[in-house]
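Trainee: structure here, sequence nowhere to be found:
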Ligand code: SME
């Protein structure tokens, strides 16, 4: 993602102005989606620890039936179970995959976390094969870390 630094700055300014994570996450999803033509579906899932499920917070793109995803299921659930980001260059090769749209070819999941404490994730689908490079992941991790700061502040 090209404009990650600018978005991180905006998110911090929103925090300074007193906005809560709900507002920050909506702004982040919209800004990420419009930042790059390869990003066809962008959403944030939040982890519900009691139910061990990811719940869809907000998204831009085609409607999805995957509003709730059990931990361990699909690329999204696996990211939480394994506590690692997922960069899947060709989703058709994945056995543990939940299809949102038949057009999607690659997917990137970046965790919103504080160390081992996982709050959720930014999930991006692309209709291009192998759309995501390491620099996408690095920029998105910076954004996810800023969201995590605010989520943590609200849980104290
Ligand atoms: N593909 C994801 C499901 C979420 S949708 O892409 C919106 C997965 O395999 O977990």
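Mentor: Perfect, I can see it now. Note that the coordinates shown come from a computational prediction; the quantities given were computed from them, not determined experimentally.

Trainee: where does the protein get nearest to the ligand, residue-wise?
Mentor: Nearest residue of the chain to the ligand, counting by C-beta to the nearest ligand atom: residue 74, 2.4 Å away. Heads up, the C-betas are built off the backbone N, CA and C, glycines and all.

Trainee: got phi/psi on that residue?
Mentor: The phi and psi torsions at residue 74 (degrees, to the nearest 10) take the values phi 70, psi 180.

Trainee: pLDDT wise, what is it at?
Mentor: On pLDDT, residue 74 comes in at 98.

Trainee: okay, the closest residue in space to it that isn't next to it in sequence and residue 22: tell me how far apart.
Mentor: Among residues not flanking residue 74 along the chain, residue 98 sits closest, at 3.7 Å (C-beta to C-beta, 6 or more residues apart in numbering). As for residue 98, its distance to residue 22 is 25 Å (criterion: C-beta to C-beta, to the nearest Å).

Trainee: quick one: low-confidence ranges for the protein?
Mentor: Low-confidence segments of the chain, defined by pLDDT under 70: 2.

Trainee: write out the residues of it neighbouring the ligand.
Mentor: 41, 43, 64, 66, 69, 74-77, 97-98, 100, 107, 123, 125 (C-beta under 6 Å from any ligand atom).

Trainee: so residue 132 lies in a helix, does it not?
Mentor: No. Counting by DSSP: H, G, I helix; E, B strand; the rest coil, one finds residue 132 to be coil, located in no helix.
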